[in-house]
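> Give me coordinates for this.
(one chain, ligands or ions: 1)
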Amino acid sequence: MQPKTLALVAHDHKKNALLNWVKAHQPTLQQCKLVATGTTGAMLSEHTGLAITRYQSGPLGGDQQIGALIAEGSLDALFFFWDPLNPAPHDPDVKALLRLCSVWNVPVACNEATADMLVTSPLFLSADYQVQKPQY
Ligand SMILES: O=C(CO)COP(=O)(O)O
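I've put the predicted structure just below:
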C-alpha cells in the first residue's frame, strides 16, 4: 500500500496555525508523502524536519501545481489553512484549487478542527480506504 499523499498549504497569517497543527500530528504526517506550496513547505520543513516536496509559492502558481496533482488523481487530501480575513492577489487560483477538491471528491480541511478530524479518522487512515473518484 502506497503512503497517502497530503498537501499542506497556508496563507501568511495562517502559517503559524498550520505549523502548530503539523507539530501536533507529526507522528501521523511523517508516514505520509507530503507536498506543499513553496513558502509553506520551506517553513514547515525548517521547523519540523519533515521531508516535504515543495512547489512554487502560491502567488506564483503553487496552488495550480497542487491542483494538477488532484486532476491527475495523485492527491489524497488537502490541508489548506486559507485566510478569510485578508485578500490574496491570486484568489482565482485559491478558488480553483478548492473547486478541484469538490470536482474530484478530495477531502479538504480549511481549519484546525476539520484537519484534526480528518487526520485522526480511522476511515481515512485505513490502508484499504480509497476516496471514490467521480466518473465524468
Ligand atoms: O499562497 C498560498 C496559497 O494560496 C501559499 O503559498 P506559500 O506557501 O508560497 O506562501
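
> Not counting sequence-adjacent ones, nearest residue to residue 112?
Counting by CB to CB, 6 or more residues apart in numbering, residue 21 is the residue found nearest to residue 112 once chain neighbours are left out, at 5.3 Å. The C-beta positions use only the backbone N, C-alpha and C, and glycine is treated the same way.

> Check the residue of the chain at minimum distance from the ligand and give its pLDDT.
For the chain, the residue closest to the ligand is residue 58, as judged by CB to the nearest ligand atom, at 2.1 Å. With respect to pLDDT, residue 58 scores 98.

> what sits against it?
9, 11, 37-40, 88, 90, 93-94 (CB atoms under 8 Å, 6 or more residues apart in numbering).

> Run through who's touching whatever helix or strand residue 27 lives in.
Assigned by DSSP states H and E, residue 27 belongs to helix 26-29. Residues outside helix 26-29 that contact it (CB under 8 Å, 6+ apart): 6, 22, 48, 50, 119-120, 125.

> now do 10 Å
Residues outside helix 26-29 that contact it (CB atoms under 10 Å, 6 or more residues apart in numbering) are 4, 6, 8, 21-23, 44, 48-50, 52, 79, 119-120, 125.

> in this protein, which helix has the most residues?
As assigned by DSSP state H, the longest helix anywhere in the chain is helix 91-103.

> quick one: is stretch 109-116 near the ligand?
No. In terms of CB under 6 Å from any ligand atom, no part of stretch 109-116 sits within range of the ligand; the closest distance is 11.5 Å.

> Give the rounded mean pLDDT of that stretch.
Here the average pLDDT along stretch 109-116 is 98.

> quick one on the thing from earlier: in strands, which of the contacts of residue 58 fall?
residue 9 (DSSP state E).

> any chance you could map the strands in this structure?
Under DSSP E, the chain gives strands at 5-10, 33-36, 52-54, 77-81, 108-109.

> Poorly predicted segments of this protein, please.
The chain contains residues with pLDDT under 70 at 1.

> near the ligand, which residues of it show up?
9, 11, 37-40, 57-59, 62-63, 88, 94.

> at 8 Å what do you get?
Counting by CB under 8 Å from any ligand atom, the positions of the chain adjacent to the ligand are 9-12, 15, 36-43, 56-60, 62-63, 80, 82, 88, 90, 93-94, 97.
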